[in-house]
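# How does the following fold in three dimensions:
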Amino acid sequence: KMVMKNGPYPDGYFYLNGTRVNAYQLIKYEGDYYYIGVGNKYVTNKWQYVGMKDYVFNGTDVRPWHHSFDDKGRMIGYYEGLPNGRDIGEIYNLKTTDGKSIKSGLLIRGCELDNANYYYPTDIIDVGIDRLKNEFNVKFDMDLRDSTVGGLDAFDEDVTHKYYDMAMYEQIFTDEGKEKVKEVFTDLANPDNYPIYMHCTHGIDRTGTVAFLLEAALGVPYQMLVYEDTLSVGSYGNKIVAVYNKLNSSYSGADFKAKTEAYLKDCGITQEQIDTLRQIYLEN
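Below is the predicted model:
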């Protein structure tokens with residue numbers, strides 16, 4: 001149990017499990033990360049830069065970045081053992097324009113788990129793999145990388161592993177890119193594939209592009225689409241804004257949701273598949 005030492009004159013430290021710890025740092029408590037700021041108070045509902053001076057990075061997969069914290073003070077978009085890993089249904093305030101929430105436990109996004117390109121200590125990655133297998137019961141490993149990366153199946157034989165060589169950002173507007181989008185969204189529109197772990201190498205570019213299109217088709221507003229994208233360490237949101245601008249100017253529709261739907265149809269996705277996606281992901 002964590003006990004904050006507070007009073008009329010905060011003394012600049014707090015106690016964690018009976019041990020005195022300096023304030024102004026990121027701490028881990030019961031699987032979540034919290035940031036302790038001015039007056040020994042949790043940082044809530046804001047972006048907070050977490051740097052090398054704020055805590056020891058060894059033994060974690062959290063990187064120096066502008067991280068976001070929810071109304072309870074928990075870091076948003078972090079799963080232990082899954083760099084850039086998050087369930088899009090658990091992201092604070094990621095709702096559609098008509099107030100619908102995205103269901104949790106369906107799509108977890110993140111980085112590669114085989115360390116083919118992106119090295120993390122094995123014991124850290126093993127935590128993520130175990131969570132995906134035993135907590136989320138993942139059935140489909142949607143690997144957006146090219147099959148030539150030399151990656152390995154991170155799961156057992158009962159989990160389907162498929163490569164896509166997915167396009168990223170403005171590449172999705174080429175003929176080849178549209179074919180890739182069609183392939184990915186055909187599998188996303190299949191209810192039998194869930195729960196899904198979707199990833200590329202870092203969980204930023206290809207994964208971010210697919211997540212942006214999916215969330216836009218569900219009806220998530222533009223500001224939250226960019227916000228969700230920038231939860232990935234390494235994303236500044238500028239590249240995904242270029243995708244928004246291209247979709248917004250090139251396709252017709254009453255709003256951005258309708259324009260994204262028009263784009264997906266241009267890729268060969270049917271109205272039935274789009275409706276199925278919304279049935280899969282959106283709360284009633």
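# hey, let's count contacts and neighbours off CA atoms from now on
Will do.
# where in this structure is pLDDT low?
Residues of the chain that meet the criterion pLDDT under 70 lie in 1-17, 20-24, 38-40, 52-61.
# so where do the helices sit in it?
Taking DSSP state H as the test, the helices found in the chain are 122-134, 175-188, 206-218, 222-230, 238-250, 256-266, 271-281.
# Just give the closest residue to the most centrally placed residue in the chain, not the sequence neighbours.
Residue closest to the mean C-alpha point of the chain, counted by Cα atoms, centre = their mean, is residue 86 at 4.1 Å. The shortest distance from residue 86 to any non-neighbouring residue, by Cα to Cα, 6 or more residues apart in numbering, is to residue 77 (4.8 Å).
# so who does that neighbour touch?
68, 84-87, 91, 231-232 (Cα atoms under 8 Å, 6 or more residues apart in numbering).
# circling back to that earlier point, can you list the helices of the chain in CSV and add mean neighbour count?
Converted to CSV, those look like this (neighbours: other Cα atoms under 10 Å):
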stretch, mean neighbour count
helix 122-134, 16
helix 175-188, 18
helix 206-218, 24
helix 222-230, 19
helix 238-250, 16
helix 256-266, 21
helix 271-281, 17
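# CSV for those helices, including distance to residue 196?
Shown next, in CSV, are the helices of the chain (distance: least, Cα to Cα, whole Å):
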stretch, distance to residue 196
helix 122-134, 9
helix 175-188, 9
helix 206-218, 12
helix 222-230, 18
helix 238-250, 22
helix 256-266, 20
helix 271-281, 12
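# Minimum distance to residue 18: which of the ones you listed has it?
Of all the helices of the chain, helix 122-134 sits nearest to residue 18, with 26.2 Å by Cα to Cα.
# returning to that earlier point: dihedrals phi and psi, the residue nearest to residue 86?
Main-chain dihedrals, residue 77, degrees, to the nearest 10: phi 80, psi 20.
# Next one: it relative to residue 167, how far apart?
Here residue 77 is placed at a distance of 23 Å from residue 167 (Cα to Cα, to the nearest Å).
# Same check on residue 260?
Counting by Cα to Cα, the gap from residue 260 to residue 167 is 16 Å.
# Check residue 271 too.
Applying Cα to Cα to residue 271 and residue 167 gives a distance of 22 Å.
# again with residue 130
Residue 130 is 29 Å from residue 167, where distance means Cα to Cα.
# hang on, the earlier thing: how about the contacts of residue 77 in CSV, adding distance to residue 242?
Formatted as CSV, those follow (distance: Cα to Cα, whole Å):
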residue, distance to residue 242
68, 23
84, 22
85, 24
86, 23
87, 24
91, 23
231, 17
232, 17
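# So which of the residues you listed belong to strands?
If you go by DSSP state E, the contacts of residue 77 have 68, 86-87 in strands.
# Kindly reformat the residues you listed as a markdown table containing distance to residue 264.
Formatted as a markdown table, the ones in strands among the contacts of residue 77 follow (distance: Cα to Cα, whole Å):
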| residue | distance to residue 264 |
| --- | --- |
| 68 | 30 |
| 86 | 24 |
| 87 | 23 |
